[in-house]
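[1] coords please:
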Amino acid sequence: MVSQEQRRRQLAREKFLRQQQRRTSARRKTRMRNSVIASVLGVVVIAGVALYTTGAFKNDDKANASSATTPSATPSASRAPDPCEKAAAGSVQKLSWKKEPAMTIDTSAKYTMTLSTTCGDIGIALKTSAAPHTVNSFDFLASKGYFDHTKCHRLTTNGIYVLQCGDPTGTGSGGPGYTIPDENLKDTSLKGGVYPAGTVAMANTGQKHTGGSQFFLVYQDSQLPASYTPFGTVDAAGMKILKKIAAAGENTGQGDGAPNATVVINKATVTKS
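    Presented below is the predicted three-dimensional model:
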């Protein structure tokens, strides 16, 4: 017989997977739309002058901006104080690549990643030999400043307990333009369908080998299928920061939304030790 707690966790996992699938669908629609735009560009150039003078393009852009920034649920009426500081000066870089970067790390060496955030420094010991493609990708992206000034856009506080980061667009649909293979899915830390507190793992679309730049940090044991590459472990100081962020809650009051804390990665650094 399934207990209420088990059922709640199951529903939370299903919701997590549905959201990943919706993001995949959104990306496919965007690619299809861009393809159509390219195919009719010659006609649009001629008609575009008239449309622009009537304000049609301008209004359409405003509508898109409005829908992108409108929250999907009403924010919770009561909100814990923001425990984080003002973000460092700077802006997100718009970077994209066509293919996974060449392997440049020493797969036999130890690497660490430091996320210098508005809430404090989060240190992560990377699992280089077990997830070489993932670690190599993060080393590459960090060296290009890809994560700098990006917001951690998602916090879940019900059923699964993770902070999700790594999307320069802050929407949950952004990426570096390439994907990397799934790795280390039989990690010994993943026991009983649980990603233990302190795990750092790749987000994906729900399909195999679709990891990009988005990742999540587990601040409390979470039941999830073993389909998200575990590639690092948060240090003790970083866990305290994650707990602080989680305690501030998320903006929907439903257990899955943007964190109330202003979690911005001022700088991401990968270091060979």
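
[2] Please count neighbours and contacts with C-alpha atoms only from this point.
    Noted.

[3] And the pLDDT for the closest residue to residue 225 other than its chain neighbours?
    Leaving out its chain neighbours, the residue that sits closest to residue 225 by Cα to Cα, 6 or more residues apart in numbering is residue 193, at 5.8 Å. Looking at residue 193, its pLDDT reads 94.

[4] Run me through the strand neighbours of the lengthiest strand in the chain, direction for each.
    In the chain, assigned by DSSP state E, the strand with the most residues is strand 264-272. Strand 264-272 sits in its sheet next to strand 111-117 (antiparallel), strand 150-151 (antiparallel), going by DSSP bridges.

[5] Residue 116: neighbour count?
    By other Cα atoms under 10 Å, the residues close to residue 116 number 18.

[6] What of residue 99?
    Per other Cα under 10 Å, the neighbour tally for residue 99 reads 11.

[7] sec struct for it, please.
    coil (DSSP: H, G, I helix; E, B strand; the rest coil).

[8] thinking it is in contact with residue 175, fair?
    No: with contact defined as Cα atoms under 8 Å, residue 99 does not count as touching residue 175 (11.9 Å).

[9] Let me see the ranges of the strands in the stretch 151-273 of the chain.
    With DSSP state E, counting those that start in this stretch, the ranges of strands along the stretch 151-273 of the chain come out as 154-156, 162-165, 194-195, 199-202, 215-218, 222-223, 230-234, 256-257, 264-272.

[10] Using CSV, lay out the ones you listed together with distance to residue 90 and mean neighbour count.
    Shown next, in CSV, are the strands of the stretch 151-273 of the chain (distance: least, Cα to Cα, whole Å; neighbours: other Cα atoms under 10 Å):
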stretch, distance to residue 90, mean neighbour count
strand 154-156, 21, 23
strand 162-165, 18, 26
strand 194-195, 34, 21
strand 199-202, 26, 25
strand 215-218, 22, 24
strand 222-223, 34, 21
strand 230-234, 26, 25
strand 256-257, 25, 22
strand 264-272, 8, 20
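
[11] To residue 146, which of those strands lies closest?
    Across the strands of the stretch 151-273 of the chain, residue 146 has its closest neighbour in strand 264-272 (8.4 Å, Cα to Cα).

[12] got a list of contacts for that closest one?
    Residues from elsewhere that reach strand 264-272 (Cα atoms under 8 Å, 6 or more residues apart in numbering): 87-88, 109-119, 138-139, 142-143, 145, 147-152.

[13] just how off-centre is that strand within its chain?
    Distance, stretch centre to chain centre, for strand 264-272: 15 Å (Cα atoms, centre = their mean, to the nearest Å).

[14] Need the CA coordinates for that strand. CSV is fine.
    Taking C-alpha atoms only, strand 264-272 is exported to CSV below (Å, rounded to 0.1, in the frame of the first residue of the first chain):
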residue,chain,number,x,y,z
VAL,A,264,23.1,35.3,-8.8
ILE,A,265,26.4,33.6,-9.8
ASN,A,266,28.8,36.6,-9.9
LYS,A,267,31.6,34.3,-11.0
ALA,A,268,32.1,30.6,-11.7
THR,A,269,35.6,29.2,-11.6
VAL,A,270,36.9,25.7,-12.2
THR,A,271,40.4,24.9,-10.8
LYS,A,272,42.7,22.0,-11.2
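
[15] And the pLDDT for the residue lying closest to residue 250 once chain neighbours are set aside?
    Distances taken as Cα to Cα, 6+ apart place residue 259 nearest to residue 250, at 4.2 Å, with adjacent residues excluded. For residue 259, the pLDDT comes out at 98.
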